[in-house]
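Novice: based on what follows, work out the 3D shape:
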Amino acid sequence: MADRFFYTTPLHPLAQPLVEQLTWEYATRYGSYFGEPPGAEMSRYPAELFAPPDGNFVLLLRDGRAIAGGAFKRYDARTAELKRVWTDAGFRRQGLARRIVAELEAQALRQGYGKIYLTTGFRQPEAKALYLETGYRPLFDVAVDPETYGKLPFEKELSQVPAVLPRPPDPRSSLSAA
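Specialist: As a prediction, the model looks like this:
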């Protein structure tokens, strides 16, 4: 079976294994470094922020299993903020995060955004590399020790994104309808 994108919410049962992995990753990489309980980042935003009309949440499914996912929410009237880009630990090194980022960029463009903003943590060098390699402009000095900043902000104008396909089905639709 071919991989396919499925628009839904972070609360969908298919999303839960990815959400749990990402929560564990944040907790083990950062602990209480930012002055919050481990994993607090994952409960910072309610799921409805990642739903249309202002946001969206997508999973990449393979044989009915979520192998990668990500989301965006409104940052400002022109800018979407990328969040929760994640690949299942058993499916790494296949370019799946790049596919998720490209799909989220295209969807943000379809929803009327002109720019993407995001932050990643200083203990996530693979995420930093992903965003640099996919055309994001760092809003920090890359020559400085990333721990100096804590969170590493990036942005990208969506005019750099290739033409996109029509809007996907309603993200709150059932899996069988997707």
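Novice: all strands for this protein, in order.
Specialist: 4-7, 56-62, 65-76, 79-87, 115-121, 137-138, 151-157 (DSSP state E).
Novice: now tabulate the ones you listed in TSV and tack on distance to residue 24 and mean pLDDT.
Specialist: Bear in mind the C-beta positions are built from the backbone N, C-alpha and C, glycine included. Shown next, in TSV, are those (distance: least, C-beta to C-beta, whole Å; pLDDT from 0 to 100):
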stretch	distance to residue 24	mean pLDDT
strand 4-7	23	96
strand 56-62	18	96
strand 65-76	15	96
strand 79-87	11	93
strand 115-121	14	94
strand 137-138	27	96
strand 151-157	20	95
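Novice: could you dump those strands to JSON lines with distance to residue 14?
Specialist: As requested, the strands of the chain are exported to JSON lines (distance: least, C-beta to C-beta, whole Å):
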{"stretch": "strand 4-7", "distance to residue 14": "7"}
{"stretch": "strand 56-62", "distance to residue 14": "6"}
{"stretch": "strand 65-76", "distance to residue 14": "5"}
{"stretch": "strand 79-87", "distance to residue 14": "13"}
{"stretch": "strand 115-121", "distance to residue 14": "23"}
{"stretch": "strand 137-138", "distance to residue 14": "33"}
{"stretch": "strand 151-157", "distance to residue 14": "28"}
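Novice: now the ones you listed in a markdown table, with mean neighbour count and distance to residue 98?
Specialist: What follows is these, written out as a markdown table (neighbours: other C-beta atoms under 10 Å; distance: least, C-beta to C-beta, whole Å):
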| stretch | mean neighbour count | distance to residue 98 |
| --- | --- | --- |
| strand 4-7 | 18 | 13 |
| strand 56-62 | 23 | 11 |
| strand 65-76 | 22 | 10 |
| strand 79-87 | 23 | 10 |
| strand 115-121 | 21 | 14 |
| strand 137-138 | 13 | 17 |
| strand 151-157 | 17 | 13 |
